[in-house]
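**Student:** Provided below for reference: sequence and predicted model.
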Amino acid sequence: MGVSLVDGWVPLAVLGIGALAMVGLLARRGRGAVVSLLLAVLLAALTYALLNRLVVDALQLVPEPLPTTVLVWSAVAVLAVVLAVGALVRTGVGRSVAAVLCGVVVLVACASQVNVYFSQYPTLGALLSSTEDERHFSGGTGAPSRSMTTPVVSRWRGPATGASSIVTAPIPGTRSGFTGRPAQIYLPAAYNSPNPPLLPVLVLVAGQPGGPEDWVVGGQLQELMDGVAAAHGGLAPVAVVVDPNGADSADSMCMDSNIAKADTYLSQDVPAWIEGNLGIDSNKAHWAFGGWSYGGTCALQMATMHPQTYPNFIDVAGELQPAISADHAQDVQQAFGGNEAAFDAVAPLTLLRQNRYPDVWGYFANGSEEQEVGQWTTQLSTAARQAGMTVQTQVVPDQGHSWAVPHAALPPALDWLGQRIGIRQ
């Protein structure tokens, strides 16, 4: 189950088999085969040229263009499908079955290469896992949450005799009226030990489209956080992955607007539920908010809007500003009835220009190959420093906009924030 799907022999083998299957599809003879090939090449070219317009502009599934790698493999997939369908129409049963099988193999190879880029399923276990099998949260440690003036590293010596776990729980929108999907909660081994300490809290948000389970599967949250605990004498924050959108197709921009009161949910409902149910250190000086992509944008929003609640944040490959689509005017119309001033009043860049944040620490990271995101990170981290924040930046080498970036960024970010949240001296 630990076999890697993003490096090593498996993706290379799948790619090689897919290449052979594509050769099989291209090796057809006859006039009909030539027509199918020309049609397939045309549709593949159109896919490459127009896919971004479809997913960004028309369907508004993502606010930024897809990377070239994804466009190429999407075009190859279309090429294979058209060739397989063409063979199915004009050949006998035996050859039709062979063509369909070849088409399926090529599609698997293309999906594998897209997965190599995004690292959505880093291992075979991640691909086959189901969050439905996770345990539902049944209650805290028995110790009520308290605001601790001292860091946990000075209060607890261990050992952590329990085992870490991932549990799920719905967090109701008591004040916001918002309904999010169940949170995914990482409980460190120390939390599950007989004499657990009151631990700090890390609230996380995934990318969009996506949901809390993405941090567990693609983000390998348990493995990452277990590594953080191992590096800090068994101490790691309780990590609560929350949903500010409600569905893969929804986008609240983590704001209170005509769409939803997502800001109220994240800044009031989520902290209140955590304090009332988990048995943690409720001192917000020991809390952090983090996320990747959309979640990174959300993290900076929480730090600029609610620095008393989230004075520490981790922005991994976040956007320059909250967005639903590539059309900013349309976003403002949907969220604020076209009132640009209402959007600006809660936009991080505006708040960083207007306010001072001397007590906020922020960690920014991005992949070296995501050039536009890198420019956004530079602009945002510079504005954060100018607003008085203490800032650290990281560029993950040889990586685009993929889960490999938060894999590489989250442990050093938590180490850098370690003194702030109390897991190291």
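**Tutor:** Everything's here; your move.

**Student:** mind checking the end-to-end distance for stretch 338-347?
**Tutor:** End-to-end distance for stretch 338-347: 15 Å, by Cα to Cα, to the nearest Å.

**Student:** and it, how far out from the chain middle?
**Tutor:** Centre-to-centre, stretch 338-347 and its host chain are 26 Å apart (Cα atoms, centre = their mean, to the nearest Å).

**Student:** repeat that for stretch 10-29.
**Tutor:** Distance, centroid of stretch 10-29 to centroid of chain: 32 Å (Cα atoms, centre = their mean).

**Student:** repeat for stretch 302-316
**Tutor:** For stretch 302-316, the gap between its own C-alpha mean and the chain's C-alpha mean amounts to 17 Å (Cα atoms, centre = their mean).

**Student:** same thing with stretch 98-109?
**Tutor:** 30 Å.

**Student:** please name the nearest non-neighbouring residue to Ile17.
**Tutor:** Leaving aside its sequence neighbours, Ile17 sits nearest to Val105 (Cβ to Cβ, 6 or more residues apart in numbering; 6.0 Å). Any C-beta I mention is one placed from the backbone N, CA and C, and that applies to glycine too.

**Student:** same deal with Val106?
**Tutor:** In space, and not counting its chain neighbours, Val106 is closest to Ala80: 3.7 Å by Cβ to Cβ, 6+ apart.

**Student:** need the contact list for that neighbour.
**Tutor:** By Cβ atoms under 8 Å, 6 or more residues apart in numbering, the contact set of Ala80 is Ala21, Met22, Leu25, Ala40, Cys102, Gly103, Val106, Leu107, Cys110.

**Student:** just the buried residues from these, in ChimeraX please.
**Tutor:** Restricted to buried positions by 16 or more other Cβ atoms under 10 Å, the ChimeraX selection for the contacts of Ala80 reads:
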select :21,22,25,40,102,103,106,107,110
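
**Student:** so which strand or helix has the residue nearest to Val106?
**Tutor:** helix 68-90 (DSSP states H and E).

**Student:** how about that helix as CSV, C-alpha atoms only?
**Tutor:** C-alpha atoms of helix 68-90 as CSV (Å, rounded to 0.1, in the frame of the first residue of the first chain):
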residue,chain,number,x,y,z
THR,A,68,0.7,22.8,-19.6
THR,A,69,1.4,19.3,-18.4
VAL,A,70,-2.3,18.7,-17.6
LEU,A,71,-3.3,20.1,-21.0
VAL,A,72,-1.0,17.8,-22.9
TRP,A,73,-2.1,14.7,-21.1
SER,A,74,-5.8,15.7,-21.5
ALA,A,75,-5.2,16.1,-25.2
VAL,A,76,-3.6,12.7,-25.4
ALA,A,77,-6.5,11.1,-23.6
VAL,A,78,-9.0,12.6,-26.1
LEU,A,79,-6.8,11.4,-28.9
ALA,A,80,-7.0,7.8,-27.5
VAL,A,81,-10.7,7.9,-26.9
VAL,A,82,-11.5,9.1,-30.5
LEU,A,83,-9.2,6.4,-32.0
ALA,A,84,-10.8,3.7,-29.8
VAL,A,85,-14.3,4.8,-30.8
GLY,A,86,-13.3,4.9,-34.5
ALA,A,87,-12.0,1.4,-34.3
LEU,A,88,-15.1,0.3,-32.5
VAL,A,89,-17.3,1.6,-35.3
ARG,A,90,-15.5,0.1,-38.3
